[in-house]
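J.: mind folding the following:
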Amino acid sequence: MADLSFGNLDFDVEQLSQISGGDTAFEQELLQLYVDDTAEHLTKIEAAIAPLDITEIEELAHHVKGSSLNIGLIEMARCAENLEKSAHQEQSAVFHSLSSQMGGIFNQFRSYLQAESH
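T.: Numbering: from 1, shown residues only. Model prediction:
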C-alpha cells in the first residue's frame, strides 16, 4: 500500500498503515468500508443542501472529516471540516462548492483504489 500513487491528493499512507498495524488485507477492508460509507454520506449531504438542513449537513460533514482523518485522506478531511464550519456558521452560499470539491476528491480517490485493485 505504501507505494500506491495518489497523484495530487493529500493522502497520509503512514496513517493508514498505523491504524491497520501494517496488515494490507485489513487496509483494503478499511478502504472499502470508507468508500462505501463516504459515498452514502456525500449523497446525504447533497440531499440536505437543497432544504438547507444545517444540522444534518454539519453532522454528516463531521462524520466524513473523522473517517477521512482515520484513513489518512487529509484533503477530504480539510474540505469536510470547511463544510462543517460553514454549516455551523450558516454560510449556505458555499455548501454546493464544498460538496462538489468533496465529491471530486472522493471520485479521484476511488478511481485510484479501483485502478490499484485491477
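
J.: state the pLDDT value of Asp23.
T.: At Asp23, the model reports a pLDDT of 94.

J.: ok, Ser117 next?
T.: 75.

J.: name the nearest residue to it, sequence neighbours excluded.
T.: Gln28 (7.9 Å; C-beta to C-beta, 6 or more residues apart in numbering). The C-beta positions use only the backbone N, C-alpha and C, and glycine is treated the same way.

J.: tell me, how many residues neighbour that neighbour?
T.: 15 (other C-beta atoms under 10 Å).

J.: look up how far Glu40 lies from it.
T.: 19 Å (C-beta to C-beta, to the nearest Å).

J.: what helix or strand is the residue nearest to Ser117 located in?
T.: Here Gln28, judged by DSSP states H and E, is contained in helix 24-49.

J.: and the gap between Ala47 and Asp53?
T.: 8 Å.

J.: ignore what I typed, I meant Asp36.
T.: 23 Å.

J.: between those two, which is the more surrounded one?
T.: Set Asp36 next to Asp53 and count neighbours by other C-beta under 10 Å: Asp53 wins out with 16 against 10.

J.: strands of this structure, residue ranges please.
T.: Assigned by DSSP state E, the chain shows no strands.

J.: what's the burial count for Glu75?
T.: Glu75 - counted by other C-beta under 10 Å - has 20 other residues nearby.

J.: that one and Phe106 touch, don't they?
T.: No: Glu75 lies out of contact with Phe106 (C-beta atoms under 8 Å); the separation is 10.1 Å.

J.: shared neighbours of the two, which are they?
T.: Residues touching both Glu75 and Phe106 by C-beta atoms under 8 Å, 6 or more residues apart in numbering: none at all.

J.: for the protein, which segments count as helices?
T.: 13-20, 24-49, 54-71, 74-88, 95-117 (DSSP state H).
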